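return a 3D structure for these sequence lines:
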Amino acid sequence: MIQRIHHIISNAARKYLLLWLVVFFAVPLFAQPFIDPEGRTVESRFIPPPGYARMPADEISYDAYLRNLPLLPHGSPVKYYDGTEKPNDDIYVAVVAIDIGLEDLQQAPEICIRLRGEYLFKQEQYNKISFTISNHKNIPYVDWVEGLKMIIDGKTYWTKSPTEADRYATFKRYLDFIFTHADIETLLDDVQRSSLDRVMPGDMLIQITRPGHVVVVLDVAENAGTGDRVFLLAQSYKPAQSLHVLVNPGNEALSPWHSVSDIDDKILTPEFIFYKRDLRRFREMTETPPKKKTTTFYF
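Predicted coordinates for the structure are as follows:
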């Protein structure tokens with residue numbers, strides 16, 4: 001009887017020890033070593049891999065703006081513009097706290113326009129806010145707010161609301177107008193090629209083959225010894241949805257970071273395959289001189 005009790009206790013002890021070992025060794029396997037769940041911005045949430053560090057950035061630079069984008073609490077779901085949740089929650093690791101809008105407008109190319117426009121607006125660089133629409137005409141924000149009249153596909157558009165006094169609300173209306181008449185191909189009119197070896201925050205991977213797609217580089221870190229860079233990718237998609245930081249399906253050990261040295265030609269993302277040649281960067285636009293309020297454009 002005593003031997004049987006001892007045998008039962010021994011079996012229980014072995015099972016407990018086995019369970020403890022499984023938990024102890026499994027935690028590191030499932031932990032996300034490059035993510036701090038308590039971080040509330042891109043910079044504080046994502047930790048560069050060992051040997052890598054974020055490059056210095058001026059506090060008013062586009063790099064710093066993207067790094068300081070606020071994030072929703074860790075584990076928050078991606079939502080579509082209609083409030084429903086994106087089902088495949090295993091493809092992303094964070095959601096940026098930026099509104100989606102109430103219409104299906106802020107898709108993949110539009111979120112890149114939104115980020116760049118918001119940054120320039122925040123810096124009061126209004127003369128540099130200018131994007132191309134479907135008739136391949138560039139629409140400067142400063143012209144738009146002065147009362148631009150346009151005829152697009154036979155329809156007349158007045159861009160100024162006389163009763164609207166709030167500057168940011170006017171800016172959001174400008175963006176919605178651009179979103180309505182822009183797409184991936186028009187985005188190409190506003191960018192230039194960039195080299196993956198010198199990838200920087202704000203760069204975009206743009207693929208126009210059907211179906212096309214765009215993802216944006218939110219952050220970059222560099223290894224001073226090797227010169228290799230790692231970067232984070234984020235996207236919106238169809239239909240319009242939350243901007244979310246993607247996992248790296250090509251290297252789970254490094255995910256969500258992508259290493260330039262890992263890339264031969266293809267850049268894998270969870271829902272699309274890009275190539276090194278797809279990397280683009282917004283052109284630096286020259287300032288546009290103020291126009292008279294009576295200026296009218298017919299396209």
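
quick one: low-confidence parts of the chain?
By pLDDT under 70, the low-scoring segments of the chain are 1-31, 158, 160-165, 285-299.

just give me the longest strand of it.
strand 213-222 (DSSP state E).

by contact count, what packs against that one?
helix 42-45, strand 53-54, helix 62-67, helix 108-122, helix 184-188, strand 204-207, strand 229-235, strand 272-275 (3 or more Cβ pairs under 8 Å, 6 or more residues apart in numbering; DSSP states H and E). In short, each C-beta sits where N, CA and C put it, glycine included.

buried sites along the last one?
Read it as strand 272-275. 272, 274 (16 or more other Cβ atoms under 10 Å).

and for that strand, what's in contact with it?
205, 207, 213, 215, 265, 266, 267 (Cβ atoms under 8 Å, 6 or more residues apart in numbering).

which of the residues you listed are buried?
Buried among those (16+ other Cβ under 10 Å): 205, 207, 213, 215, 267.

which of the helices or strands spans the last one?
I take that to be residue 267. strand 266-269 (DSSP states H and E).

quick one on the thing from earlier: how about the longest strand of the chain: buried residues?
Going by 16+ other Cβ under 10 Å, strand 213-222 has these buried residues: 213, 214, 215, 216, 217, 218, 219, 220, 221, 222.

and it with helix 108-122, angle?
Between strand 213-222 and helix 108-122, the angle comes out at 50 degrees (axes from the mean of the first three to the mean of the last three Cα atoms, to 10 degrees).

strand 213-222 pairs with which strands?
Using DSSP bridges, strand 213-222 pairs in its sheet with strand 53-54 (antiparallel), strand 204-207 (antiparallel), strand 229-235 (antiparallel).

residue 73 is nearest to which of these?
Closest to residue 73 of the strands paired with strand 213-222 is strand 229-235 (Cβ to Cβ; 16.9 Å).

helices or strands up against the following helix or strand past the closest one?
Next helix or strand after strand 229-235 toward the C-terminus (DSSP H and E): strand 244-246. If you count contacts as 3+ Cβ pairs under 8 Å, 6+ apart, strand 244-246 packs onto strand 92-95, strand 229-235.

list the contacts of the residue nearest the centre of the chain.
The centre of the chain sits closest to residue 234, judged by Cα atoms, centre = their mean, with a distance of 3.5 Å. Neighbouring residues of residue 234 by Cβ under 8 Å, 6+ apart: 96, 215, 216, 218, 243, 244, 245, 246.

can we see that at 6 Å?
Taking Cβ atoms under 6 Å, 6 or more residues apart in numbering, we find residue 234 in contact with 216, 218, 243, 245.

my guess is residue 42 contacts residue 217, does it?
No. The criterion here is Cβ atoms under 6 Å, and residue 42 misses it with residue 217 at 10.9 Å.

one step back: what does the strand holding residue 267 contact?
Contacts of strand 266-269 (Cβ under 6 Å, 6+ apart): 215, 246, 249, 250, 273, 274.

who are the contact partners of the fourth one?
Contacts of residue 250 were listed using Cβ under 6 Å, 6+ apart, and they are residue 268.

coming back round to it: any chance of a markdown table for the buried residues of strand 213-222, columns distance to residue 70?
Formatted as a markdown table, those follow (distance: Cβ to Cβ, whole Å):
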| residue | distance to residue 70 |
| --- | --- |
| 213 | 25 |
| 214 | 22 |
| 215 | 20 |
| 216 | 16 |
| 217 | 18 |
| 218 | 12 |
| 219 | 14 |
| 220 | 19 |
| 221 | 20 |
| 222 | 24 |
